[in-house]
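1. From the sequence below, what's the structure:
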Amino acid sequence: MRNSSKFIVGILSVLFTQFTFASAYQIFEQDAASLGTYHAGSAAQADDASTQWYNPAGMTHLKQQQLSIGGELVNTNISYTGTQQNVGQMASGSPVQVNDVNGGGLTPVPNIHYVLPLGDWAFGVGLVAPFGAETDYGDGTALKYSGTKTQLQSVDLTPAIAFQINKYLSVGIGADLVYATGEFDNSFAYLNSAGGNTDINVTNKGDGFTYGFHLGTLIQINDSNRVGLAYHSKMTVKLKGTTEMSGDTSLVTLGGSATSGDNFSTEIILPAWWNLSYFWQTTKTLALMASAMYTQWSSVNSTTLKNVVTPFGDNFQDVIIQQDFSNTWNFALGATYDVTPKWQLKAGIGYDMTPTNDQYRNIQIPDQDRFIIATGVEYKILKSLSIALSYAHFFVQNARIDVTQNITNTNQTTDGHVQSSADLFGLQLKWRF
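-> Numbers count the residues shown, from 1 in each chain. Next up is the predicted model:
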């Protein structure tokens, strides 16, 4: 049974591998159909099964069973230009120029939602990836000494129930059962016994489970207007796993003989966030919507990688990555227009703040504020089946990187800037039965 569970979560982690392009490692886009409006009105629209995650109270507005399957394909460009310098016990050198090293790539972000109405009650469940991040700069430049690959993946199973109190008010609550994996790698130049430098690579991997909840309320003001408010709780996941050195470890002589260990661990905070949304059906064919989301990133102060294998001292040390995040807002405005009974056009704009700051921003999360434009189309293939295609572009401000991190007794200084952008392509199939 235990081996079967490991196989299942392994398959899920492959299916839900993602690169985030929201603030830090938060992902708002959990429904490709709403990507066309940049998730504006997501806690109030309540017109498909994705409401079970955005605001479970909205499930009471669905009169038929609904199944929604889809996802986004995210194409990111994260280009660093600047210098990298390593000074300390492990190495000593002048700043090395690094030009246009891309840490982005192409990644899918899938989702599944299902809702079953039961009179005044409703039940729903989904699989989403609300948090995740990846930067991978490779090991071909000096930037590898501050970080090569950093990756966080999450899979959230979200069973939820809702109850309609009266024709104006509905409430809902759901559980968040999260499985997460993480990888945090870097290299360092080891001053070996022969008097030269030897690159040693360190790979740190872990996984773990955590749980939380999300709840919401939906107020139907009249036939054309409704307001939704949802809250997603803070969760802390402890990742446990392995740490391993690779390279010419035969030249490692400063410390113990170990080149790997199975006591690596770190804690990742998945912050609490709020979603206040408004939906207005202005005419029979035109709807306007808005959302304001507030994420409590101030709970993230630093990340400590515990028991990282090193080639000196007692062989295993802790690495502290200072972050000092700040709370953020995300704003979205959107509209849908029914061109015909079968065709619907969508458009949206948004602004997303970063929780990072100039003092501690690093290449692992080279985040900055961004503006977003989005568009999409939805087509009813049959009365019970529709397909949505969406696109969004993220215009990201340049991120200044000027930080020194002490990694294995070496000061790793990264001084430069990151230019980023992203294109998101969404596809969603929705069944009503």
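2. buried ones in the helix or strand hosting Asn111?
-> According to DSSP states H and E, Asn111 maps onto strand 106-118. Neighbour counts using 16 or more other C-beta atoms under 10 Å place Thr107, Val109, Pro110, Asn111, Ile112, His113, Tyr114, Val115, Leu116, Pro117 of strand 106-118 among the buried residues. Where C-beta positions appear, they are placed from N, C-alpha and C, glycine not excepted.
3. any chance of these in a markdown table, plus pLDDT and distance to Ser421?
-> Shown next, in a markdown table, are those (pLDDT from 0 to 100; distance: C-beta to C-beta, whole Å):
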| residue | pLDDT | distance to Ser421 |
| --- | --- | --- |
| Thr107 | 82 | 15 |
| Val109 | 87 | 17 |
| Pro110 | 90 | 23 |
| Asn111 | 95 | 23 |
| Ile112 | 97 | 28 |
| His113 | 98 | 29 |
| Tyr114 | 98 | 34 |
| Val115 | 98 | 35 |
| Leu116 | 98 | 40 |
| Pro117 | 97 | 41 |
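4. Tabulate those (a markdown table), appending distance to Ala46.
-> Output for the buried residues of strand 106-118, formatted as a markdown table (distance: C-beta to C-beta, whole Å):
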| residue | distance to Ala46 |
| --- | --- |
| Thr107 | 29 |
| Val109 | 22 |
| Pro110 | 22 |
| Asn111 | 17 |
| Ile112 | 18 |
| His113 | 12 |
| Tyr114 | 15 |
| Val115 | 10 |
| Leu116 | 15 |
| Pro117 | 12 |
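5. residues touching Asp358, list them.
-> Neighbouring residues of Asp358 by C-beta atoms under 8 Å, 6 or more residues apart in numbering: Arg400, Asp402.
6. do Asn186 as well
-> Asn186 neighbours (C-beta under 8 Å, 6+ apart): Lys144, Tyr145, Ser146, Gly147, Thr148, Asn201, Val202, Ile407, Gln412.
7. Could you check stretch 24-44 and say which residues are buried?
-> For stretch 24-44, using 16+ other C-beta under 10 Å, the buried residues are 24-44.
8. Please apply the same query to stretch 374-391.
-> Residues of stretch 374-391 classed as buried by neighbour count (16+ other C-beta under 10 Å): Ala374, Thr375, Gly376, Glu378, Ser386, Ala388, Leu389, Ser390, Tyr391.
9. now, which of the residues you listed sits nearest Asn77?
-> Relative to Asn77, the closest of these is Tyr391; by C-beta to C-beta it sits at 16.1 Å.
10. what about that closest one, helix or strand, and which?
-> Using DSSP H and E, the element containing Tyr391 is strand 385-396.
11. following that strand, which helix or strand shows up next?
-> Following strand 385-396 toward the C-terminus (DSSP H and E): strand 399-407.
12. Report the strands that pair with that next one, each with its relative direction.
-> strand 410-432 (antiparallel) (DSSP bridges).
13. what is the mean pLDDT for the strand it pairs with?
-> Across strand 410-432, the average pLDDT comes to 91.
14. How about stretch 365-373?
-> 93.
15. Helix or strand next in line after the helix or strand harbouring Gly71, which one?
-> In this assignment (DSSP H and E), Gly71 forms part of strand 66-88. Where DSSP H and E defines the elements, the next helix or strand beyond strand 66-88 is strand 96-102.
16. can you give me the strands for the stretch 201-350 of the chain?
-> 225-232, 235-247, 260-270, 273-281, 286-295, 302-309, 316-322, 328-338, 343-352 (DSSP state E, counting those that start in this stretch).
17. I'd like the mean pLDDT over the first one, please.
-> When the per-residue pLDDT values of strand 225-232 are averaged, the result is 98.
18. could you give the angle of that strand to strand 286-295?
-> 20 degrees (axes from the mean of the first three to the mean of the last three C-alpha atoms, to 10 degrees).
19. Show me which positions of strand 225-232 end up buried.
-> Arg226, Val227, Gly228, Leu229, Ala230, Tyr231, His232.
20. try the fourth one
-> By 16+ other C-beta under 10 Å, the buried positions in strand 273-281 come out as Trp273, Asn275, Ser277, Tyr278, Phe279, Trp280, Gln281.
21. The longest one now?
-> Neighbour-count burial for strand 235-247, with 16+ other C-beta under 10 Å as criterion, is recorded at Met235, Val237, Leu239, Gly241, Thr243, Glu244, Met245, Gly247.
22. would you say Ala44 is within a strand?
-> No. Under DSSP: H, G, I helix; E, B strand; the rest coil, Ala44 sits outside any strand and is assigned coil.
23. thinking again about what came up before, show me what the strand holding Asn111 is packed up against.
-> Using 3 or more C-beta pairs under 8 Å, 6 or more residues apart in numbering; DSSP states H and E, the elements in contact with strand 106-118 are helix 51-54, strand 66-88, strand 121-128.
24. got a list of what Ile320 touches?
-> Ser302, Thr303, Thr304, Leu305, Asn406.
25. ugh, wrong one, I meant Asn86
-> Asn86 touches Ser92, Gly93, Ala142, Tyr145, Phe188, Ala189, Thr410, Asn411, Gln412, Thr413, counting by C-beta under 8 Å, 6+ apart.
26. Dump these to TSV, plus distance to Val171.
-> Converted to TSV, the contacts of Asn86 look like this (distance: C-beta to C-beta, whole Å):
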residue	distance to Val171
Ser92	62
Gly93	61
Ala142	55
Tyr145	52
Phe188	53
Ala189	58
Thr410	54
Asn411	53
Gln412	50
Thr413	52
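27. now these in a markdown table, with neighbour count?
-> Converted to a markdown table, the contacts of Asn86 look like this (neighbours: other C-beta atoms under 10 Å):
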| residue | neighbour count |
| --- | --- |
| Ser92 | 14 |
| Gly93 | 13 |
| Ala142 | 20 |
| Tyr145 | 26 |
| Phe188 | 28 |
| Ala189 | 19 |
| Thr410 | 21 |
| Asn411 | 16 |
| Gln412 | 26 |
| Thr413 | 19 |
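28. Sort out which one of these lies nearest Pro311 for me.
-> Closest approach between these and Pro311, by C-beta to C-beta: Phe188, at 8.3 Å.
29. The nearest residue to Met353 once chain neighbours are set aside: neighbouring residues, count only.
-> Among residues not flanking Met353 along the chain, Thr328 sits closest, at 4.0 Å (C-beta to C-beta, 6 or more residues apart in numbering). The number of residues packed near Thr328 is 24, by other C-beta atoms under 10 Å.
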